[in-house]
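**Q** Pasting the sequence and the predicted coordinates here, then a few questions.
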Amino acid sequence: MEEPVVRPGDLALEELRRIGGSVVDAIAEYHAGLDDRPVLPCVSGRVALRMSICSHRTLERDVETTFEALAGLGRRLAADAGLGEAGGDSAPLVANP
């Protein structure tokens, strides 16, 4: 079998494996600690929804549909928790401080 040709700027196979292994280890370590790093947006001490609507493909109806679905989910969860009726009016989705 021929010896691999190492050109200027190339990494030796052992060095590539060492660096690649370090990258995999770093990713695994990061993922192992995800439970300790919540990524939920918080507004006034409450968990909030962060939604990107900056795409040129996002339509007003997309945003309205999302909020309607969230409101329906909130009503169902409240009803399941005994906090109100599933079909009733809900509190405003956006609070103005």
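**A** Sure, I can see it.
**Q** On the strand side of things, show who Val43 bridges to.
**A** When bridges are called by DSSP bridges, Val43 pairs up with Arg46.
**Q** any idea how far Leu49 is from it?
**A** Counting by Cβ to Cβ, to the nearest Å, the separation of Val43 from Leu49 is 9 Å. C-beta here means a position set from N, CA and C on the backbone, and glycine is covered the same way.
**Q** so how far is stretch 52-61 from its chain's centroid?
**A** 18 Å (Cα atoms, centre = their mean, to the nearest Å).
**Q** Using CSV, write out every CA atom in that stretch.
**A** Extracted in CSV, the C-alpha atoms of stretch 52-61 (Å, rounded to 0.1, in the frame of the first residue of the first chain):
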residue,chain,number,x,y,z
SER,A,52,-39.3,34.9,14.2
ILE,A,53,-41.6,36.6,11.7
CYS,A,54,-38.9,38.3,9.6
SER,A,55,-39.0,35.9,6.7
HIS,A,56,-40.3,37.3,3.5
ARG,A,57,-42.4,34.2,3.2
THR,A,58,-44.2,34.7,6.6
LEU,A,59,-47.7,35.9,6.0
GLU,A,60,-50.0,37.6,8.4
ARG,A,61,-52.3,34.6,8.4
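**Q** if you average pLDDT over that stretch, what comes out?
**A** In this model, stretch 52-61 has a mean pLDDT of 89.
**Q** Could you tell me how many residues sit around Ser44?
**A** Ser44: 7 surrounding residues under other Cβ atoms under 10 Å.
**Q** do the same with Gly33
**A** Counted with other Cβ under 10 Å, Gly33 comes out at 8.
**Q** tell me the phi and psi of it?
**A** phi -100, psi 10 (degrees, to the nearest 10).
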